[in-house]
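1. quick check, what structure comes out for this input:
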Amino acid sequence: MNASLLYEDYEAVKERDVEPGTWPKDLPLLLRPLTPAPVELDLCSPACHAYVPPHLGDKSLSILSAVRSAIGHRRLPSCSEAARRGTLRGGYFPVGMFDLLYPEHRQPVGWDSTRLSAGHTRWTPFVCEWRSDGRRVANPASCIAKEHRLLLIGDSHARAMFDLVSHRLSGNKTIVQKSVKSAHKNATRGNVHLDFTFNPFLNKTFTCERFGGYDTIAVSTTALNCATYDTLRKELEHLFSAWPRLAYECRRPITPRNLAILDSSTARATGFIWLNLPAFHPQLHRHDCRTGPRLHFWNERFGRLARRHGWEVVDVESLTKPIAIDMTLGDGVHYIGTDAAEPAADDFIDRLGLCGETSARD
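-> The predicted structure follows:
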């Protein structure tokens with residue numbers, strides 16, 4: 001383990017008043033080593049067996065839990081409930097030598113190097129398994145059988161999730177390498193229609209004409225925002241409370257005579273999903289306000305706020321924090337092309353409630 005002093009006399013979550021329209025920059029990184037040599041830590045007992053995830057998509061191999069001594073070969077429960085409670089836990093485990101030497105599909109490499117940015121590890125839930133047909137190795141036919149309209153709106157992380165979901169629902173088994181920049185994207189997979197709109201500050205008014213026809217709306221914002229916590233909290237409090245209420249008003253059925261008597265008991269519900277911010281590596285080239293402690297502070301509090309108003313929350317931060325160093329092989333801020341993309345897509349697609357469930361062994 002290499003330990004270093006990144007900042008001198010620096011408070012990671014310190015809020016500052018900055019001139020409107022400017023991008024606050026923090027102090028330069030010092031990268032001063034705290035020890036003369038890397039520290040060797042003995043973390044694992046000799047009795048702790050090494051765990052290697054089974055070959056991806058191999059039906060002949062059983063799924064083993066990371067806590068194999070307690071779970072063994074038993075069929076594990078679905079991860080859906082734990083994900084919705086916000087208690088889903090897992091870890092990245094080295095893949096087997098067979099997967100490293102003979103990958104099923106081409107693995108992503110860094111933008112300026114030949115080092116793989118994915119394929120070294122696989123995220124594995126500790127005490128559950130994803131059984132959705134939306135998994136990369138599954139058949140997504142059940143996911144696109146029912147009519148569904150999905151909107152992803154916000155910053156480039158919403159765009160990245162659009163690309164991952166569209167790729168999955170198309171039945172493509174390859175790994176998404178990059179997310180092409182675009183202000184708008186759309187795709188139709190079977191009976192599922194997907195839209196993406198780039199609007200990082202969500203400064204478009206919610207109208208029935210623009211947003212009322214969607215079954216699910218997913219939002220990712222604040223990635224480009226260096227406002228103070230109090231300012232962001234007020235903005236997101238309005239977002240989390242107002243958008244579901246407005247969507248409900250948009251989707252209430254109107255009586256044939258256009259009377260003002262509306263039957264709210266038959267209103268169709270719109271689902272809302274909040275994508276929290278991914279972790280950024282501390283050596284991010286911009287050295288800006290998006291420090292790890294600040295983003296964790298935001299994600300923790302805004303996640304609770306979103307759940308309080310009935311939103312689903314996909315915890316992208318917990319999936320990207322262990323592999324943040326791999327993100328620097330790309331642009332440093334996006335996780336497409338890393339091992340975090342697959343579990344993030346698994347979690348998001350499961351929350352849409354479109355897919356049938358099969359065992360991870362099927």
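
2. tell me the helix or strand right after the helix or strand of the chain with the lowest mean pLDDT.
-> When the helices and strands of the chain are scored by mean pLDDT, DSSP states H and E, helix 68-71 comes last with a mean of 41. Going down the chain from helix 68-71, the next helix or strand is helix 80-85, by DSSP states H and E.

3. got the residue ranges for the helices in the protein?
-> Shown for the chain, the helices assigned by DSSP state H span residues 68-71, 80-85, 97-101, 156-169, 208-211, 229-251, 292-308, 316-320, 324-327, 341-351.

4. by mean pLDDT, show me the worst of those helices.
-> Among those, helix 68-71 has the lowest mean pLDDT, at a mean of 41.

5. returning to what we had before: using a markdown table, lay out the helices of the chain together with distance to residue 223.
-> Using the backbone N, CA and C atoms, a C-beta is placed for each residue, glycine as well. Supplementary listing: the helices of the chain in a markdown table, determined by distance: least, Cβ to Cβ, whole Å:
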| stretch | distance to residue 223 |
| --- | --- |
| helix 68-71 | 37 |
| helix 80-85 | 22 |
| helix 97-101 | 32 |
| helix 156-169 | 6 |
| helix 208-211 | 21 |
| helix 229-251 | 12 |
| helix 292-308 | 9 |
| helix 316-320 | 11 |
| helix 324-327 | 13 |
| helix 341-351 | 15 |
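
6. out of those helices, nearest to residue 47?
-> helix 68-71 (9.2 Å; Cβ to Cβ).

7. how long is stretch 79-90 from one end to the other?
-> One end of stretch 79-90 sits 10 Å from the other (Cα to Cα, to the nearest Å).

8. what's it in contact with?
-> 66, 123-130, 132, 303, 307, 312-315, 343, 346-347, 350-351 (Cβ atoms under 8 Å, 6 or more residues apart in numbering).

9. try it again at 10 Å.
-> Applying Cβ atoms under 10 Å, 6 or more residues apart in numbering, the contact partners of stretch 79-90 are 66, 122-132, 303-304, 307, 312-315, 318-319, 322, 343, 346-348, 350-351, 353, 357, 360.

10. who wins for proximity to residue 220 among the helices of the chain?
-> Nearest of the helices of the chain (Cβ to Cβ): helix 156-169, 4.1 Å.

11. which strands or helices does the closest one pack on?
-> Packing partners of helix 156-169 (3 or more Cβ pairs under 10 Å, 6 or more residues apart in numbering; DSSP states H and E): strand 148-154, strand 184-189, strand 192-198, strand 216-220, strand 271-275, helix 316-320, helix 341-351.

12. 6 Å instead?
-> The contact analysis (3 or more Cβ pairs under 6 Å, 6 or more residues apart in numbering; DSSP states H and E) places helix 156-169 against strand 148-154, strand 184-189, strand 192-198, helix 341-351.

13. mind checking the ones you listed for the one nearest to residue 235?
-> Closest among the helices and strands packed on helix 156-169, using Cβ to Cβ: strand 148-154, at 12.4 Å.

14. burial measure for the closest residue in space to residue 223 that isn't next to it in sequence, as a count.
-> Spatial nearest neighbour of residue 223, chain neighbours left out: residue 155 (4.3 Å); criterion: Cβ to Cβ, 6 or more residues apart in numbering. Counted with other Cβ atoms under 10 Å, residues neighbouring residue 155 total 22.
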